[in-house]
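A.B. asks: Could you work out the structure for the sequence below:
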Amino acid sequence: MSGRWFWFFAAMVGYVYAGYPALLTVLARLRPAQSFAPPDELPTVTLLIAAYNEQNVIASKLENSLALDYPHDKLQILVAADGSDDATPAIVARFADRGVALSYRPERAGKLAAIMRALSQARGEIIALSDANNLYETGALRALVAPFVDPCVGAVTGAKVIAKGDGALGDSEGLYWKYESYIKRQETRLGSCTGAVGEIMAVRRSLLEQPLPPVARLMADDLAIAMHVLKQGYRVVYAPDARSIERVSASAHDEQERRARIVAQRFVMMRYSRTMLPLANPLLVWQIVSHKYLRPLVPLAMIGALIANLAAVIRPASQGGLARLAPPFNWIMLALQAAFYALAWAGGRSERRGVLGRLLYIPAFLVNGNRAALIGLHRFLTGRHAALWNRVQRRERESSVAEQDVAYGLVAKEGENRQ
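C.D. replies: So this is what the prediction gives:
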């Protein structure tokens, strides 16, 4: 019996990480590839930047936004800085003479609330959503708006790219986003993506102006908006040429904290599935369940596989071979699991560079990510999740950009007013 449970849990892990992408690839190949030619006339765009206590990076982000290859007469840059109690609003105000608008109030109600409140100041027919700690490639906005030539497209998500040079954590995070990029390509070809990245995402303003369900305030803004668009019968597609560059979290602990928050909010979505899922589209529901619902459950399957394997060692089956984990297969599988977790332990403590360091860190990255999912599940079950989030520190770019803010005369000394 323990052998059957082992293979059930192992199959679940395999389906989430490999089975779903494989099935998705096969189904996507049955659909013709689709490309989006640049529109004859570019739409008006509001680049809406959510910034909570981002004094160390906001000036650099605005300079990057002002340098984008998009007609200035069709681009509005708007910063939503609700709740910021550092120099962020003052820094943004210094860009007013260059056309940058500010939406600000002292009260903090969360990122999604800040975005929705700022819509009243937006002038664009397309709302491009971004964070303050990422930078766009020059042509990112043009690539991001191109799919809107299809009237069935309601939202477009771009590519999140992790900057090189952040060691094993950055390499593993970068590999993860390449994996996610592949899935998004296949989902787009099949019909629609099941999510978006909030730092480079564009939405038709008319869809954002439709009231979101109340539960959306407890979810990650990008997932809530993507589900809102899908629920209205529109597509969410992936534009790989719309690239956003971001530094990895300052440490594995910070990355775990970020993922735990995201997972807790995903469990909220699961709880309110009837409200959030596009139930009229069974194919899309299968995609969402496979990509968004099952992945946070992987750590439970990993624990289940380990317990079932131990049970097969303690009380071995007399026959049945590999299928029932009869000896010696019970010991072989246990040894493989032990080797995987040993590599994860070693990878988390290794400072090696190069190919070996990356290979060692991949098991650590997977284990840390699934540990974060367990933390997120615990927070959800104990009611400790919230829409408000504490800003996660990123690698070196913040400290270097702080010098630019000092030049604006808005930060008296390094470290002052930091969160």
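A.B. asks: Please tell me I have it right and G99 contacts Q76.
C.D. replies: Yes: using Cβ atoms under 8 Å, G99 is in contact with Q76, at 7.4 Å. Where C-beta positions appear, they are placed from N, C-alpha and C, glycine not excepted.
A.B. asks: Look at those two and report which has more neighbours.
C.D. replies: Q76 (20 against 13; other Cβ atoms under 10 Å).
A.B. asks: now the more buried one: how far from I49?
C.D. replies: Per Cβ to Cβ, to the nearest Å, Q76 is found 11 Å from I49.
A.B. asks: Which residue ranges of the stretch 101-250 of the chain form helices?
C.D. replies: 111-118, 140-145, 167-190, 205-208, 221-231 (DSSP state H, counting those that start in this stretch).
A.B. asks: will you turn the ones you listed into CSV that also has mean neighbour count, distance to K61 and mean pLDDT?
C.D. replies: Rendered in CSV, the data for the helices of the stretch 101-250 of the chain read as follows (neighbours: other Cβ atoms under 10 Å; distance: least, Cβ to Cβ, whole Å; pLDDT from 0 to 100):
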stretch, mean neighbour count, distance to K61, mean pLDDT
helix 111-118, 21, 15, 94
helix 140-145, 25, 13, 96
helix 167-190, 19, 20, 81
helix 205-208, 17, 21, 96
helix 221-231, 24, 17, 95
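A.B. asks: Please name the residues that touch M276.
C.D. replies: Applying Cβ atoms under 8 Å, 6 or more residues apart in numbering to M276 gives the contacts P213, V215, M227, K231, M269.
A.B. asks: Is the first one in contact with Y272, as I believe?
C.D. replies: Right, the one you point to is P213. Yes: using Cβ under 8 Å, P213 makes contact with Y272 at a distance of 7.5 Å.
A.B. asks: remind me which residues of this structure are low pLDDT?
C.D. replies: Within the chain, the set of residues satisfying pLDDT under 70 comprises 1, 164-173, 248-252, 350-359, 385-419.
A.B. asks: returning to that earlier point: take the helices of the stretch 101-250 of the chain and write them to JSON lines, including distance to G14.
C.D. replies: Putting the helices of the stretch 101-250 of the chain into JSON lines (distance: least, Cβ to Cβ, whole Å) gives the following:
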{"stretch": "helix 111-118", "distance to G14": "35"}
{"stretch": "helix 140-145", "distance to G14": "34"}
{"stretch": "helix 167-190", "distance to G14": "15"}
{"stretch": "helix 205-208", "distance to G14": "36"}
{"stretch": "helix 221-231", "distance to G14": "25"}
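A.B. asks: how about those, which one is nearest F8?
C.D. replies: helix 167-190 (23.7 Å; Cβ to Cβ).
A.B. asks: packing partners for the closest one?
C.D. replies: On a contact count with 3 or more Cβ pairs under 8 Å, 6 or more residues apart in numbering; DSSP states H and E, helix 167-190 meets helix 20-28, strand 153-162, strand 235-246, helix 252-271, helix 282-288, helix 354-381.
A.B. asks: which residue lies farthest from the center of the chain?
C.D. replies: Centroid-distance maximum for the chain: S318 at 46.8 Å, with Cα atoms, centre = their mean.
A.B. asks: measure K74 to A242 for me?
C.D. replies: From K74 to A242 the distance is 17 Å (Cβ to Cβ).
A.B. asks: Neighbour count for those two, which is higher?
C.D. replies: Taking other Cβ under 10 Å, K74 and A242 do not tie; A242 has more neighbours (25 against 17).
A.B. asks: May I have the residues that are in contact with the more buried one?
C.D. replies: Counting by Cβ under 8 Å, 6+ apart, A242 has contacts Y136, E137, A140, L141, A143, L144, V156, G158, A159, I200.
A.B. asks: So which of those residues is the closest to G3?
C.D. replies: Once Cβ to Cβ is applied, the member of the contacts of A242 that ends up nearest G3 is A159, at 42.0 Å.
A.B. asks: Mind listing the residues bridging to that closest one?
C.D. replies: Taking DSSP bridges as the rule, A159 bridges to R243.
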